[in-house]
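Asks: Let's see this in three dimensions:
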Amino acid sequence: MPQVRLCGCWGGRVLPLLLAHVCYLLLGATVFQLLEKQAEAQSRDQVQFEKLRFLENYTCLDQRALEQFVQVIMEAWVKGVNPKGNSTNPSNWDFGSSFFFAGTVVTTIGYGNLAPSTEAGQVFCVFYALVGIPLNVVFLNHLGAGLHGHLATLERWEEQPRRSQLLQILGLALFLTLGTLVILIFPPMVFSHVEGWSFGEGFYFAFITLSTIGFGDYVVGTDPSKHYISVYRSLAAIWILLGLAWLALILPLGPLLLHRCSQLWLLSRGLSLKDRGAPEMDGLPRPQKIPISA
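Replies: The predicted structure is shown next:
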């Protein structure tokens, strides 16, 4: 019997979801390939052209020497050292940058542009993440639950007058809108201004960060040609924590708001469950529980 139930669950729920998931991945792979493969080929050709032109201008170098120099640059980039500028570039491991890195570890964002290079740092990062990731999850859950507690009056929504219901809906919508502006609209504007990005790039960075995808193609505070305030990256780390808490709050509130709006719309038209064809139980015999003898 348990095996039959397992097969039924697999065929009825898991298998369709698995197929839908695989199809969604195939769709994404196809679209990304169509959009990005040609641009990658152009970039690769451009790099090869610049290499050849560099060798033509500096005949004292050969292909082997140039490739070795490129390898040094790539290794420096992997270790978080920006090859642009000189040795006076700001450190990636000052307190503000280290605080930002610690935030990317516990939130599992992991941009990939910076990582500990010493063995001691790598070992510490492992144990730090083992403790920090669950702690961050608990913190976000409690913070989201605390914010949601201020909106607990929505649970007694049906008991209140129509005017109070409408005011609660408008207040909740305003609350979500202002929070979205503070978390998802204003920060990209600031990042765009400070980093020299377009607003689209700033919004892209904000979404990729708060969704914990963290590609690492855009990271704040990494341009050596710019002078950042000392707390810039620390403030960015705090924004990440608040943004994740905000998302933990709005994910359950979004469907709740839509449900309340639909109920209010139906009530405004004078409809009820009975009008929509809901089964009426009054006057009908209710099913009786049949005792099971031992």
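
Asks: pLDDT averaged over the helix ranked longest in the chain - what is it?
Replies: For the chain, the longest helix by residue count, based on DSSP state H, is helix 15-57. Averaged over helix 15-57, pLDDT sits at 87.

Asks: how far does that helix sit from the chain's center?
Replies: How far helix 15-57 lies from its chain's middle: 23 Å, per C-alpha atoms, centre = their mean, to the nearest Å.

Asks: Stretch 169-181 too?
Replies: Centroid displacement of stretch 169-181 relative to its chain, using C-alpha atoms, centre = their mean, is 20 Å.

Asks: CA-only coordinates of that stretch in CSV, if you can.
Replies: Extracted C-alpha coordinates of stretch 169-181, given in CSV (Å, rounded to 0.1, in the frame of the first residue of the first chain):
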residue,chain,number,x,y,z
ILE,A,169,-6.7,47.5,1.9
LEU,A,170,-5.5,51.0,0.9
GLY,A,171,-3.1,51.2,3.9
LEU,A,172,-1.6,47.8,3.1
ALA,A,173,-1.2,48.7,-0.6
LEU,A,174,0.5,52.0,0.4
PHE,A,175,2.7,50.2,2.8
LEU,A,176,3.8,47.6,0.2
THR,A,177,4.3,50.4,-2.4
LEU,A,178,6.4,52.6,-0.2
GLY,A,179,8.5,49.6,0.9
THR,A,180,9.1,48.6,-2.7
LEU,A,181,10.2,52.1,-3.5
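
Asks: Quick one: mean pLDDT over it.
Replies: On average, stretch 169-181 scores 80.

Asks: buried set for it?
Replies: Using 16 or more other C-beta atoms under 10 Å as the test for burial, stretch 169-181 gives 169, 172, 175-176, 179. C-beta: built from backbone N, CA, C; applies to glycine.

Asks: need those in TSV with secondary structure and distance to V219, can you?
Replies: Formatted as TSV, the buried residues of stretch 169-181 follow (DSSP: H, G, I helix; E, B strand; the rest coil; distance: C-beta to C-beta, whole Å):
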residue	secondary structure	distance to V219
I169	helix	39
L172	helix	34
F175	helix	31
L176	helix	28
G179	helix	25
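
Asks: All the helices of the protein, residue numbers only.
Replies: Going by DSSP H, the chain shows helices at 2-9, 15-57, 63-78, 95-106, 119-149, 162-180, 186-195, 199-210, 232-268.

Asks: need those helices in a markdown table with distance to G221, can you?
Replies: As requested, the helices of the chain are exported to a markdown table (distance: least, C-beta to C-beta, whole Å):
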| stretch | distance to G221 |
| --- | --- |
| helix 2-9 | 48 |
| helix 15-57 | 25 |
| helix 63-78 | 16 |
| helix 95-106 | 7 |
| helix 119-149 | 20 |
| helix 162-180 | 24 |
| helix 186-195 | 8 |
| helix 199-210 | 12 |
| helix 232-268 | 4 |
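
Asks: CSV for the buried residues of stretch 169-181, including distance to N113?
Replies: CSV is the format used below for the buried residues of stretch 169-181 (distance: C-beta to C-beta, whole Å):
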residue, distance to N113
I169, 43
L172, 38
F175, 35
L176, 32
G179, 29
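
Asks: that older thread, closest to D223 out of the helices of the chain?
Replies: Of all the helices of the chain, helix 186-195 sits nearest to D223, with 6.6 Å by C-beta to C-beta.
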